[in-house]
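S.K.: From the sequence below, what's the structure:
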Amino acid sequence: MNLLFHDLAERIHRRGLIVLISDLFDDPAHILKGCSTSGTKRHEVLVFHLLDDAEIRFPFRDMTKFIGLENWPELVVDPPALRKGYLDEYEEFTRTIRRGVLTPASTSCR
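M.R.: This is a model prediction of the structure:
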């Protein structure tokens, strides 16, 4: 995602607005660095973090097959065994993104 931001910042020669609509499922450091790269070019970056309710609450109870996207493999898992770990990771991930995009000194994302 960092390369995408850098490419956009280089292509847009006048100060502009970059709108990112994504689930943001990438390394938070790459996302925040991309925002920072765009900010150094004086672009304003708006971030819309879109998720399905199931990604937030992880309501699965029975053995479930998760179909991998973006080169991830399919996984058959027992959701109750993973739920707490998933929710802990999700909370840390969103906390990191939120802190990064809301801290004016670190990025230009909003």
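S.K.: which secondary element of this structure has the worst mean pLDDT?
M.R.: Lowest mean confidence among the helices and strands of the chain (mean pLDDT, DSSP states H and E): helix 2-11, at a mean of 69.
S.K.: next SSE after that helix?
M.R.: Remark: after helix 2-11, the chain's next helix or strand is strand 17-22, criterion DSSP states H and E.
S.K.: In what element of secondary structure is the residue of the chain most remote from its centre found?
M.R.: Centroid-distance maximum for the chain: Asp62 at 27.3 Å, with C-alpha atoms, centre = their mean. Using DSSP H and E, Asp62 sits within no helix or strand.
S.K.: nearest spatial neighbour of it, skipping sequence neighbours?
M.R.: In space, and not counting its chain neighbours, Asp62 is closest to Pro79: 7.3 Å by C-beta to C-beta, 6 or more residues apart in numbering. The C-beta positions use only the backbone N, C-alpha and C, and glycine is treated the same way.
S.K.: Over to Met63?
M.R.: Asp78 (5.9 Å).
S.K.: how many neighbours does the one you found have?
M.R.: 12 (other C-beta atoms under 10 Å).
S.K.: ok, it to Leu46 distance?
M.R.: In this view, Asp78 and Leu46 are 39 Å apart by C-beta to C-beta, to the nearest Å.
S.K.: Show the residue spans covered by the strands in this protein.
M.R.: Assigned by DSSP state E, the chain shows strands spanning 17-22, 44-49, 64-66, 75-77.
S.K.: about what we covered before: quick one: the residue nearest to Asp62 and Phe60 touch, right?
M.R.: Yes. Applying C-beta atoms under 8 Å as the test, Pro79 and Phe60 come out as touching, 3.7 Å apart.
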